[in-house]
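[1] Next come a sequence and a model predicted from it.
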Amino acid sequence: MAAVTTTTTVRPVRRRFSWGRAAGWTAMGLIVLITLLPFYWILRTALSTNAGLSADPTNPLPVDLTTSGFERALGMQSAEEAVSQGGAGGGLDFWRYLLNSVLVSTLITGCQIFFSAMAAYAFSRLRWRGRDKVFGLFLAGMMVPAIFTLLPNFVLIKQLHLIDTLLGIALPTMFMTPFAVFFLRQFFMNIPKEVEEAALLDGAGKIKIFFRVVLPMASTPIITLAVLTYITSWNDYFWPLMVSYSDSSRVLTVALAVFRAQTPATGVDWSGLMAATLIAALPMLVLFACFARRIVSSIGFTGIK
Amino acid sequence: MTIASSSPPSRLPTGGAAEAPSRTRTRQGVSGEDRGDGRLAALFITPALLGFLVFLLWPTLRGIYLSFTRFNLLTPAEWVGLDNYVRMVNDPIFWDSLWVTVEYVVINIGVQTVAALAIAVLLQRLTQSSMLRGIVLTPYLMSNVVAGLVWLWILDTQLGIGNEIISGLGVDRIPFLADETWAIPTIALINVWRHVGYTALLLFAGLQAIPNDMYEAARVDGASEWRMFWRITMPLLRPVLAVVLIMTVIGSFQVFDTVAVTTAGGPANATNVLQFYIYGSAFGRFQFGYASAMSVALLVVLSAITILQYRLTRAGRTDLG
């Protein structure tokens, strides 16, 4: 299976030295620096001790190299030990939150992409009465800012007694987003009719065509969409903040804010906080690194142009 | 089975952002052997439709309904007509938080758009490196919470490296997130850091549509890069820019996360953005009705912006030729 994203081939710009180009590269270098330095600073801080951080705040390297920040974030230190090292000793367990985040994001991504793909298939390759009207309704749904539905959805989740559960966090975005349906429909419509007809002649039913022809052919956009959905649900803060109250459903973003709120009297536990931040951020960096080329080249517009 | 797939340019989700009007074709002509697939379609559409009705349409209607009620989550909602709206109009904190939000949006979008445009043009004119594009996108992979915490640390008045550098230069330390005048610009810039790369890549995709020949021809005529930017890039990018601008403005109005983790609305309500005030009304004071009314107000503002953008985009589209 060859799934290659084609981007417009661009002739190389003439490479000759000019002050303009040099200035351009300098600006680019500066941008890369501003983009990446905070990441280094997270790492540097996470590997320092809190005492070291206050004694030597400008040291570009970790001060008193240690992993105690990570131990604190992962709940591997006793409360006394944590307090003595500038932690809150509140007993946060980031393994737990990591697991919760993985569960919620996986549940949302898996279900949302699959159900959206089914709907997109019905909207693009099946013929039925009222199809365009229903699709128009979905499109109109895209106009409602996500944030507007949060409050009423919270009331609904409460009525369903799903407050403080992982399912409660996942439910509202588990079935579809209008964007995912719209996005996948665009790709499904571009699959040549001949391919489908050939499969029909071979005796395949439409369900089989969906699984054996349409889904594999659209694997590239599906993977792109899945990665982005995963990142979005992983990074979501507002909705889980409303729904989760205890460890049982706390995800990483909410846990980070709790960690920050538990500031000990001696000052913020920056080392532990940055270690926790790194734990929350790293999985997405790794995920992105695996799919970076695909994602980067697929950012563009289907709607306009 | 060999499958070759070439994917048309796609577009990233932006969390409830408005969609550009798309030229979607629905195939009208039904060929002979095509029968209706009613039953199968019902099967395929059911999960998504259920989700749409239960978690999008119903909450939207309910949100509007709740704005006309007094509702504290414990007792049933009680119809109060326009009371919440009257209260809203007379609530100085509401107007204040709307103003703070607008201030945030103006700084955030102003800086972000200029920076994103600069990055996109630099990427286009200097290099096609997808590695560089990947790097530019990395902050976008972080949650707002992570971005907020990192910059909270960097800008910390006592120990943050940002303030260490500032004091090293002989200037007084700046309490970026603890000062009434600095807090909103700081939060706006933190969110620029997180979103600028993504916006730049959207614009970059728009730039890719401009034929390289145009630049070649202009160069032959002796045009400078500066002139080419204003005469070629800007006019041809305008429709894309309009759509991106509106998407980002709508996203920007919904700012919450960064405020929640860095300043929690303070100091003295200086960063009490609308969404934060709404959250506080609902979950702090259990005034779900009033919170809903303010949400509706935000919805109206955002819808107005969306409609405005459709007008602008349509007007701009002819430019692409």
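    Happy to help now that I have it.

[2] Every contact and neighbour count from this point should use C-alpha atoms.
    Fine.

[3] Now for the residue nearest to residue A:94 when sequence neighbours are not counted: which residues touch it?
    Spatially, and ignoring its direct neighbours in sequence, residue A:94 is nearest to residue A:74 (4.8 Å; CA to CA, 6 or more residues apart in numbering or on different chains). Contact analysis of residue A:74 by CA atoms under 8 Å, 6 or more residues apart in numbering or on different chains lists A:92, A:93, A:94, A:95, A:276.

[4] how about a cut-off of 10 Å?
    Applying CA atoms under 10 Å, 6 or more residues apart in numbering or on different chains to residue A:74 gives the contacts A:68, A:91-98, A:272, A:275-276, A:279.

[5] do you know how far it is from chain B?
    As for residue A:74, its distance to chain B is 17 Å (criterion: CA to the nearest CA, to the nearest Å).

[6] Quick check: the gap between that residue and residue A:92.
    Residue A:74 sits 7 Å away from residue A:92, taking CA to CA, to the nearest Å as the criterion.

[7] can you list residues touching both of the two?
    residue A:276.

[8] Weed out the non-buried ones from the contacts of residue A:74.
    If you count burial by 16 or more other CA atoms under 10 Å in any protein chain shown, the buried members of the contacts of residue A:74 come out as A:68, A:91, A:92, A:93, A:94, A:96, A:97, A:98, A:272, A:275, A:276, A:279.

[9] Of all residues in the stretch 51-200 of chain B, which one is closest to chain A?
    Chain A sits closest to residue B:143 of the stretch 51-200 of chain B, with a gap of 4.4 Å, by CA to the nearest CA.

[10] residues in contact with residue 135?
    Just so you know, I chose chain A. A:119, A:120, A:122, A:123, A:124, A:141, A:178, A:181, A:182.

[11] hmm, I had chain B in mind actually
    A:31, A:32, A:33, A:35, A:36, A:289, A:292, A:296, B:197.

[12] hmm, which of the residues you listed are the buried ones?
    A:31, A:35, A:292, A:296, B:197.

[13] Need the per-residue pLDDT for residue A:155.
    At residue A:155, the pLDDT value in this model is 93.

[14] other SSEs contacting the helix or strand harbouring it?
    Using DSSP states H and E, residue A:155 maps to helix A:146-159. Counting contacts by 3 or more CA pairs under 10 Å, 6 or more residues apart in numbering or on different chains; DSSP states H and E, helix A:146-159 is packed against helix A:166-174, helix A:238-243, helix B:58-66, helix B:274-279, helix B:288-317.

[15] Inside helices: which ones of the buried ones among the contacts of residue A:74?
    Within those, residues falling in helices by DSSP state H are A:68, A:94, A:96, A:97, A:98, A:272, A:275, A:276, A:279.

[16] need these in a markdown table with distance to residue A:23 and pLDDT, can you?
    Shown next, in a markdown table, are those (distance: CA to CA, whole Å; pLDDT from 0 to 100):
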| residue | distance to residue A:23 | pLDDT |
| --- | --- | --- |
| A:68 | 43 | 83 |
| A:94 | 44 | 85 |
| A:96 | 48 | 89 |
| A:97 | 45 | 92 |
| A:98 | 43 | 92 |
| A:272 | 40 | 89 |
| A:275 | 37 | 92 |
| A:276 | 38 | 91 |
| A:279 | 37 | 90 |
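
[17] Nearest to residue A:200, out of these: which one, please.
    residue A:98 (45.3 Å; CA to CA).

[18] pretty sure that closest one contacts residue A:278?
    No - if you go by CA atoms under 10 Å, residue A:98 and residue A:278 don't touch, sitting 11.5 Å apart.

[19] Tell me the residues that contact both of those two, please.
    Common neighbours of residue A:98 and residue A:278 (CA under 10 Å, 6+ apart) do not exist.

[20] For the residue nearest the centre of chain A, list the residues it contacts.
    In chain A, the centroid-proximal residue (CA atoms, centre = their mean) is residue A:231; its distance is 0.7 Å. Neighbour list for residue A:231: A:105, A:109, A:225, A:283, A:284, A:285, A:287, A:288, B:140, B:141, B:142, B:143 [criterion: CA under 10 Å, 6+ apart].

[21] try 8 Å
    By CA under 8 Å, 6+ apart, the residues touching residue A:231 are A:105, A:284, B:141.

[22] How about residue A:107?
    A:170, A:174.

[23] Please apply the same query to residue B:207.
    B:120, B:121, B:124, B:233, B:237.

[24] so which helix or strand takes in the last one?
    Take DSSP H and E as the rule and residue B:237 turns out to sit in helix B:234-253.

[25] Just the buried residues of that helix, please?
    B:236-253.

[26] same deal with stretch B:214-223?
    Buried residues in stretch B:214-223, counted by 16+ other CA under 10 Å: B:215, B:218.

[27] then it to PDB, C-alphas only?
    These are the backbone C-alpha positions of stretch B:214-223, laid out as PDB (Å, rounded to 0.1, in the frame of the first residue of the first chain):
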ATOM      1  CA  MET B 214       5.100  35.300 -10.500                       C
ATOM      2  CA  TYR B 215       8.000  35.700  -8.200                       C
ATOM      3  CA  GLU B 216      10.400  34.700 -11.000                       C
ATOM      4  CA  ALA B 217       8.900  37.300 -13.300                       C
ATOM      5  CA  ALA B 218       8.900  40.000 -10.700                       C
ATOM      6  CA  ARG B 219      12.600  39.200 -10.000                       C
ATOM      7  CA  VAL B 220      13.400  39.500 -13.700                       C
ATOM      8  CA  ASP B 221      11.800  42.900 -13.600                       C
ATOM      9  CA  GLY B 222      14.100  43.800 -10.700                       C
ATOM     10  CA  ALA B 223      11.500  43.900  -7.900                       C
END
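
[28] Looking at it now, give me its mean pLDDT.
    Mean predicted lDDT for stretch B:214-223 stands at 88.

[29] Name the residues that touch that stretch?
    Under CA under 8 Å, 6+ apart, the answer for stretch B:214-223 is B:228, B:232.

[30] Could you pull up the contacting residues of residue A:296?
    So residue A:296 contacts B:130, B:133, B:134, B:201 (CA under 8 Å, 6+ apart).

[31] measure it to residue A:232 for me?
    16 Å.

[32] Give me the phi and psi angles of residue B:79.
    phi -60, psi 130 (degrees, to the nearest 10).

[33] Kindly state the beta-bridge partners for it.
    Counting by DSSP bridges, residue B:79 is bridged to residue B:69.

[34] Looking at the contacts of residue A:74, which is nearest chain B?
    Nearest to chain B among those, counting by CA to the nearest CA, is residue A:276 at 9.5 Å.
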